[in-house]
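Chemist: Sequence isn't available, so here's the structure alone:
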């Protein structure tokens, strides 16, 4: 098959990356998308760097084995920890993480050079956004703030309402209460779960802080890479989505539908085993 | 070594079981306790039954290899899914889960025969408490209610305050608003994280509902089993705690201290690999 007709591979530890899949599908409806949620290992966010790198390698190898033309690491933790390794391993297949596109968009939109990164604890502890932003804007001032409870809220479906507002307030009130000069002017949603809570986050931050969502910025990076590499699907191609998970199809379908923005069922998900060495007793 | 001088093995997917360790240590301060947190695989609660059974078997085999006189499955999910299998596998070493002691205590304390089980979604979906309670009281009426966000609150350390109260209210207000005749008179904390939120849960439930904490009831079951099997530590024995985790000692120490009820550091935790087949690339 021509390279350009192959699907784009997208992986995450679970359902969070479906926000990225959603954004890629919106922007590039003619592309075939192959999504792998490594639900047997989720969450990556609390695992050690070595474990995350190993899991990411397994996931990438599986998708390459299926035949893909480009890989998206739709997980902030894995992007922070495994992007360089996977680029080296998969070359010449292009690999795009979610951190670089988010950092680029934030630098483009900030005039005050003050950035706020909201993410899980494991992502903030890696300072991946800080390093990516500083490469683009050495004068930037960056704060990374762990907001782990947003993940649980998104998975519970409590994306709006008084509890979401209260949790967002607990994390972010101290930002809003600062003087204008000391406030960031851009906030990066550095976790694929957080776009679901954008309303509550925006309310808690108050006016004057633009929110950058790494799902839509990553989709744009995919589009640019396909154009640059001459890999965009030809005009007669039909887009589509194929969903694969490593465990728990029922839960994946129930929670994932909100992330993908459309209803799907457990029967729409293929279950696979990408870690054969782990299956013995 | 005499059997009675061997440690008691306790395992959980992460830090939650430290509430059980805490209760066992309080009740039986002369016992050596060997705790294994399988943090490389946490949470068990969202994994498939087959995966949980495999992980539980690995954890049990590891502890047996270290030499233990009794095993406590300090994890509701693993207790629900792997107790029978582990009893068979480890015989004659006694194995105690957290579900049976919690169910026994609830039946003993209920006069209305109406039980409420609060747990994670994976535990409630197994209906393990319902089955255990019905074996003891066939007339019981049991409701199992998933309260997944309590886990995230406990791990974030937000155990008290307005957000904990609001989350507990969101899950439990409909219980409190019922007529007295339709309310349960006992609520079982069917997740090892939930004792940290007992205050908020109790406030949300309102008066007249007794809370049964499976940590303390499991400790009592351990005490009874040691007495029945003649395995209690001799009078000259010195109690102590040894902590082992499979990943992420720093996070384990930081979050776990609240669960154990005493401060400990990453250096107090031994890191081990109980799944060698999973470590290759």
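Modeler: Arrived safely, thanks for sending. Worth saying up front: this structure is predicted, and the values here are computed from it rather than measured.

Chemist: So the residue nearest to residue A:28 when sequence neighbours are not counted, which state does it fall into?
Modeler: Closest residue in space to residue A:28, ignoring its immediate chain neighbours: residue A:223 at 6.0 Å, by C-beta to C-beta, 6 or more residues apart in numbering or on different chains. Backbone N, C-alpha and C define where each C-beta goes, glycine included. Residue A:223 carries the three-state label helix when classified by DSSP: H, G, I helix; E, B strand; the rest coil.

Chemist: what's near enough to touch residue A:223?
Modeler: The contact partners of residue A:223, by C-beta atoms under 8 Å, 6 or more residues apart in numbering or on different chains, come to A:27-28, A:232.

Chemist: quick one, phi/psi of residue A:144?
Modeler: Dihedral pair for residue A:144: phi -110, psi 130, per degrees, to the nearest 10.

Chemist: Count residues in the vicinity of it, would you?
Modeler: Here the number of neighbours of residue A:144 (other C-beta atoms under 10 Å in any protein chain shown) works out to 20.

Chemist: ok so, going back, distance check, the residue nearest to residue A:28 against chain B.
Modeler: 32 Å (C-beta to the nearest C-beta, to the nearest Å).

Chemist: measure that residue to residue A:104 for me?
Modeler: 14 Å (C-beta to C-beta, to the nearest Å).

Chemist: Distance from the least confident helix or strand in chain A by mean pLDDT to the middle of the chain?
Modeler: In chain A, the helix or strand scored least confidently by mean pLDDT, DSSP states H and E is helix A:121-126, which has a mean of 86. The chain centre lies 14 Å from the centre of helix A:121-126; the measure is C-alpha atoms, centre = their mean, to the nearest Å.

Chemist: Next: stretch A:131-147.
Modeler: 18 Å.

Chemist: Name the residues of it that are buried.
Modeler: A:132-134, A:137, A:140-142, A:144-147 (16 or more other C-beta atoms under 10 Å in any protein chain shown).

Chemist: Among those residues, which ones are in strands?
Modeler: The strands, defined by DSSP state E, take in A:141-142, A:144-146 from the buried residues of stretch A:131-147.

Chemist: now the helices for chain A?
Modeler: A:18-27, A:49-66, A:76-90, A:99-109, A:121-126, A:128-136, A:149-156, A:162-176, A:198-205, A:214-228, A:249-260 (DSSP state H).

Chemist: Run through who's touching the second one.
Modeler: With contacts defined as C-beta under 8 Å, 6+ apart, helix A:49-66 is touched by A:7, A:9, A:11, A:13, A:34, A:36, A:38, A:41, A:44, A:47, A:71, A:73, A:75, A:77-78, A:81-82, A:85-86, A:89-90, A:93, A:95, A:126, A:272, A:274-275, B:40, B:247, B:279, B:281.

Chemist: relative to helix A:76-90, how tilted is it?
Modeler: Using axes from the mean of the first three to the mean of the last three C-alpha atoms, to 10 degrees, the direction of helix A:49-66 lies 60 degrees away from that of helix A:76-90.

Chemist: Equivalent analysis for the last one, please.
Modeler: Here helix A:249-260 runs at an angle of 100 degrees relative to helix A:76-90 (the same axes, to 10 degrees).

Chemist: Helix A:249-260 - contacts with which helices or strands?
Modeler: Applying 3 or more C-beta pairs under 8 Å, 6 or more residues apart in numbering or on different chains; DSSP states H and E, we find helix A:249-260 packed against helix A:18-27, helix A:149-156, strand A:240-245, strand A:269-271.
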